[in-house]
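[1] The following comprises the amino acid sequence and a computationally predicted model.
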Amino acid sequence: MIEVVEYRDAWPALFAELGFRLRAGLGDIAPRIDHVGSTAVPGLRAKPVIDIQVSVRDLEPAAYRAPLEAAGFAFRAGNPDLTKRYFRETSGPRTHVHVRRAGSFAEQFCLLLRDYLRESPADAELYGARKALLAERYGTDRRAYTAEKSSVVWELMRRADAWSQGCGWEPGPSDA
């Protein structure tokens, strides 16, 4: 069942703990470790999953797979998104680790959307409401949920792009 819940104040602390653990294991392998996704936006309804983006210079897992596995994350081979490598928790809070190439469009996309939604509570509310409606509509059909959600994500990205041009957005420092 796809579950979208009200924002939980515990999410930033969960990320901080996980981010500290990842930073300790990855060191300079990861120029950035960021809390991304809906749980990174205060007040935004979300699936109760901590999304972490680990930015690396080389996308091939040889340099980072062992430290991520030692930190409690399992590599998920067969991810159809070729712009990232994907890991999941083996225990503890539900966590998705998205490893992306530093400076890539995919890396910047997540950071820009997160930062825009943090600055635009009305659009964050719109996004949360849409996700809740889609979760109710599609129940267990994750593919349909994701496909429908993408239209609102791209609309928000058009707004985020305009916002970024107006303020000269650049990603801030790494979260961990």
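    Everything's here; your move.
[2] Other residues contacting the helix or strand containing residue 88?
    Element membership for residue 88 (DSSP states H and E) is strand 84-89. The contact list for strand 84-89 (CB atoms under 8 Å, 6 or more residues apart in numbering) reads 59, 61, 68-69, 72-76, 79, 95-100, 106. For every residue, glycine as well, the C-beta is placed using N, CA and C.
[3] Check stretch 154-170 too.
    Contacts of stretch 154-170 (CB under 8 Å, 6+ apart): 109, 112, 113, 115, 116, 117, 119, 120, 123, 126, 127.
[4] Dihedrals phi and psi, the fifth one?
    Comment: the main-chain dihedrals of residue 116 come out as phi -60, psi -50, following degrees, to the nearest 10.
[5] Tell me who's in contact with it.
    Residue 116 neighbours (CB under 8 Å, 6+ apart): 123, 156, 159, 160, 163, 164, 169.
[6] Check the second one too.
    The contact partners of residue 112, taken as CB under 8 Å, 6+ apart, are 157, 160, 161, 164, 169, 171.
[7] Check which residues of the helix or strand containing it are buried.
    Using DSSP H and E, residue 112 sits within helix 105-119. For helix 105-119, the neighbour count (16 or more other CB atoms under 10 Å) marks 106, 107, 108, 109, 110, 111, 112, 113, 114, 115, 116, 117 as buried.
[8] Alright, I will stop here.
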